[in-house]
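J.: Fold the stuff below for me.
(chains A and B)
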Amino acid sequence: NAGVMQNPRHLVRRRGQEARLRCSPMKGHSHVYWYRQLPEEGLKFMVYLQKENIIDESGMPKERFSAEFPKEGPSILRIQQVVRGDSAAYFCASSPGEAISYEQYFGPGTRLTVT
Amino acid sequence: DQQVKQNSPSLSVQEGRISILNCDYTNSMFDYFLWYKKYPAEGPTFLISISSIKDKNEDGRFTVFLNKSAKHLSLHIVPSQPGDSAVYFCAASGSSNTGKLIFGQGTTLQVKP
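T.: Prediction:
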């Protein structure tokens, strides 16, 4: 099963610590999107990356959040100095990048809890 | 501002009957629409999509209808099955949008046996 993989599935951090969330896209996919889902809400776009490039980060908070998708290895979403409001489910999605459709395939998510 | 809206937080139908989930959007630049299904503690699963050049797309028990003039789309599931019970998200995208998806708030569907 070569689906989108995310780890860890659950992450608990104390306020002020750093959180690192990892995403491995589906085989053959070169485009990665990160979304956040707060309780009782829909998914909100955060950032869109291709290998070694950030294409659209219009949904990323201005401070403490960063993302990368290196030439080798998974995409990383990094949250520095976490606060309670960062508690949410973070989903990664990938697409092949073909301009035929916009279908994105999602991973199982990482549930971040900030205590 | 909520560009994609699902005004019904929940829907309950009897097994075997039709489920109709609705979605409205405000941005006329959207040209591709998708429906995702989500179970608790899992990621969204792609169900069906439709391009703005069409008004209907069908895949098995799932049909999506698009009314561009009303900026409205709907997902029909017939016949509904208990396994269809989940949260359904409508999403929209556009060629000027870098492909990012704009999601509605979701509708929780319960199909009763």
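J.: C-alpha only now, for contacts and for neighbours.
T.: Noted.
J.: contacting residues for residue 51?
T.: Just going to use chain A. With contact set as C-alpha atoms under 8 Å, 6 or more residues apart in numbering or on different chains, residue A:51 has these partners: A:30, A:31, A:69, A:70, A:71.
J.: Chain B, not that one
T.: B:31, B:32, B:33.
J.: measure the residue in chain B sticking out farthest from the centre to residue B:21 for me?
T.: Largest separation from the mean C-alpha position in chain B: residue B:113, at 22.5 Å (C-alpha atoms, centre = their mean). According to C-alpha to C-alpha, to the nearest Å, residue B:113 and residue B:21 sit 19 Å apart.
J.: What of residue A:64?
T.: 37 Å.
J.: With neighbour numbers in mind, choose between these two.
T.: Higher neighbour count among residue A:64 and residue B:21: residue B:21, with 24 against 13, using other C-alpha atoms under 10 Å in any protein chain shown.
J.: Which strand residues bridge that one?
T.: When bridges are called by DSSP bridges, residue B:21 pairs up with residue B:75.
J.: picking up where we left off before, quick check on the contacts of residue A:51: which are buried?
T.: With burial judged by 16 or more other C-alpha atoms under 10 Å in any protein chain shown, the buried subset of these is A:30, A:31, A:69.
J.: just those residues now: which is nearest chain B?
T.: residue A:31 (9.9 Å; C-alpha to the nearest C-alpha).
J.: number of nearby residues for the nearest residue to the closest one once chain neighbours are set aside?
T.: Nearest non-adjacent residue to residue A:31, counting by C-alpha to C-alpha, 6 or more residues apart in numbering or on different chains: residue A:50, 4.8 Å away. Number of residues near residue A:50 (other C-alpha under 10 Å) recorded here: 20.
J.: quick one: residue A:50 from chain B, how far?
T.: Counting by C-alpha to the nearest C-alpha, to the nearest Å, the separation of residue A:50 from chain B is 11 Å.
J.: For that residue, list each beta-bridge partner.
T.: Per DSSP bridges, the residues bridged to residue A:50 are residue A:31, residue A:53.
J.: can you list contacts of the worst-scoring helix or strand of chain A on mean pLDDT?
T.: Within chain A, no helix or strand scores below strand A:53-56, which has a mean of 91 by mean pLDDT, DSSP states H and E. Strand A:53-56 has contacts (C-alpha under 8 Å, 6+ apart) with A:47, A:48, A:49, A:67, A:68, A:69, B:98.
J.: Next: stretch B:26-39.
T.: Contact with stretch B:26-39 is made by A:101-103, B:3-4, B:44-53, B:71, B:75, B:86-96, as judged by C-alpha under 8 Å, 6+ apart.
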